[in-house]
Structures are given as structure tokens and as C-alpha cells.
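Participant: structure for the following, please:
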Amino acid sequence: MEEPHRGIRALHTASTITVYQAYAPEIGVTAVRDGRFPSTWLRDRMTWIKPSFLWMMYRSNWGTSAGQETVLAVEITRAGFDWALRHACLSSYVRGLHPDRGTWQRELKRAPARVQWDPERDLNLRPLPYRSLQLGLSGEASSRYADDWIVSISDVTPLTNEIHALVRDGELDSATRLLPQEQGYPAGEELLAHLRP
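Facilitator: This next block holds a predicted model:
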């Protein structure tokens, strides 16, 4: 089946969706232990969540980038994720989708969430011809994420290292079998119409 050019692919259940983030161990390890982000986690800063495991691998260079050594799988409520989509604005102006640049700038300033569509990645972290969603949370959305939406936080750094080792050894079939089984997320048109150029 052909992938939609812009789609949300994620590990999800009837009530949750898994997103990925990577942090320095002092934040990541503490978050896993406590099931919530520690007080050192900056609530007033934009935090980006990624439903795509491989896009997180690209962003963190397989968890080797400085400050991104602990890769987290954060299971959150679908109700929360959908709320963020409903209240999001695209991070860049798109002629035809927004009435004009000024309107888009006002929407972006007010929106507690923003969306970017970035090229999905393969196991070698090369761009694919379709795009995956990155969701930035700030203000109210960031607080709701940290305080209300989180169901569980898991450390997937060992899985990251195992898959990366297989990729380095050219064992792509074995690496593929270990990937999270991401499928199309059932976000209706009402959730995505204002976010798809």
C-alpha cells in the first residue's frame, strides 16, 4: 500500500500513541524511574515529540548526539495527542492553506502546538519520499503533556543500540524485525485539514 505523502505513522493502541524523545541521562533516566519528567525538565521550552522511531534515530544519531544519549518511548493518551493536533499550527507559512502570512503568524504565536512535516528516514537514515509528523509542544500543550497525557515512559536506548549495531553490520532484515510496528494513525480529516499543505 502506498504511503500518504504526509501521514502519521506510529505505534498506537485504541487509547494511546507512542512518541519518542531523547535526553541527557540526568533527565531521561529520572523520567523512566519516576514515570514523569523531573523538575529540571524545562516546561517553558518547546518540546518536540516524534511518532516515528526512525526519525528519532535520525535526529539523535542513534542516541549518540550530545544531550540525547537516553532515548525514551513515551506512551501518551490519544485524547491528548489529538488535542495537540487540533490546537496546532504549521511551523511554516503555506500559501493557499493560510489566508495570508500575517494571519499565519498570529495563529503560530497563539498556538500551543506546532507541526512540521519532515522526510521519513530509512534504516540508513536516508530521506524517504514521504514525510512524517513532528509535533512541537509549548505553554499549555507542554504542561498537559507532562502532567496529564503520559501513560508510561520507557528507556529504549538498549533497543536503539541493538538496531544500530545490526545496521552497521549490514543486517538490515534483522534490524527491521526489531523496529516498533508503526502503522497509520487514524487522525480524521478534521484533525489534519489545517496541517496538510
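Participant: when you work out contacts or count neighbours from here on, use the C-alpha atoms and nothing else.
Facilitator: Fine.
Participant: need the pLDDT of Asp44.
Facilitator: On the pLDDT scale, Asp44 is placed at 83.
Participant: three-state assignment of it?
Facilitator: coil (DSSP: H, G, I helix; E, B strand; the rest coil).
Participant: number of nearby residues for it?
Facilitator: 12 (other Cα atoms under 10 Å).
Participant: likewise for Ala10?
Facilitator: As a burial measure, Ala10 scores 23 neighbours (other Cα under 10 Å).
Participant: then the one 5 residues further on?
Facilitator: Residues near Ser15, counting by other Cα under 10 Å, number 11.
Participant: mind checking pLDDT for it?
Facilitator: pLDDT, Ser15: 98.
Participant: over to the one 3 residues further on?
Facilitator: Confidence at Thr18, expressed as pLDDT, is 98.
Participant: doesn't Pro51 make contact with it?
Facilitator: Yes. Assessed by Cα atoms under 8 Å, Thr18 is found in contact with Pro51 at 6.2 Å.
Participant: and for these two, which residues touch both?
Facilitator: By the contact definition Cα atoms under 8 Å, 6 or more residues apart in numbering, Thr18 and Pro51 are jointly contacted by 10-11.
Participant: which parts of the protein are helices?
Facilitator: Along the chain, the stretches classed as helices by DSSP state H are 25-34, 53-60, 78-86, 101-110, 139-144, 157-168, 172-178, 189-192.
Participant: where does the protein dip in pLDDT?
Facilitator: Of all residues in the chain, those with pLDDT under 70 make up the ranges 1-3.
Participant: re the thing from before, pick the most deeply packed of the helices of the chain.
Facilitator: The highest average neighbour count among these, using mean count of other Cα atoms under 10 Å, belongs to helix 53-60 at a mean of 22.
Participant: Asn61: how many residues sit nearby?
Facilitator: 16.
Participant: out of the helices of the chain, which is closest to His12?
Facilitator: Closest approach to His12 among the helices of the chain is made by helix 78-86 (8.3 Å; Cα to Cα).
Participant: who touches the closest one?
Facilitator: For helix 78-86, contacts defined as Cα under 8 Å, 6+ apart pick out 14-17, 112-113, 115, 137, 141, 144-145, 148-149, 187, 191-192.
Participant: give me the most central residue, the chain.
Facilitator: The centroid of the chain falls nearest to Lys50 when counting by Cα atoms, centre = their mean (0.9 Å).
Participant: surely it and Gln21 touch.
Facilitator: Yes. At 6.8 Å, Lys50 counts as touching Gln21 under the criterion of Cα under 8 Å.
Participant: now do the shared contacts for these two.
Facilitator: Common contacts of Lys50 and Gln21 (Cα under 8 Å, 6+ apart): Met56.
Participant: most widely separated two among the contacts of helix 78-86?
Facilitator: Spanning the widest gap among the contacts of helix 78-86 are Ala14 and Pro112, at 24.9 Å by Cα to Cα.
Participant: the longest strand along the chain vs helix 78-86, what angle?
Facilitator: The residue-count maximum for a strand in the chain (DSSP state E) belongs to strand 127-137. Put simply, strand 127-137 runs at 100 degrees to helix 78-86, going by axes from the mean of the first three to the mean of the last three Cα atoms, to 10 degrees.
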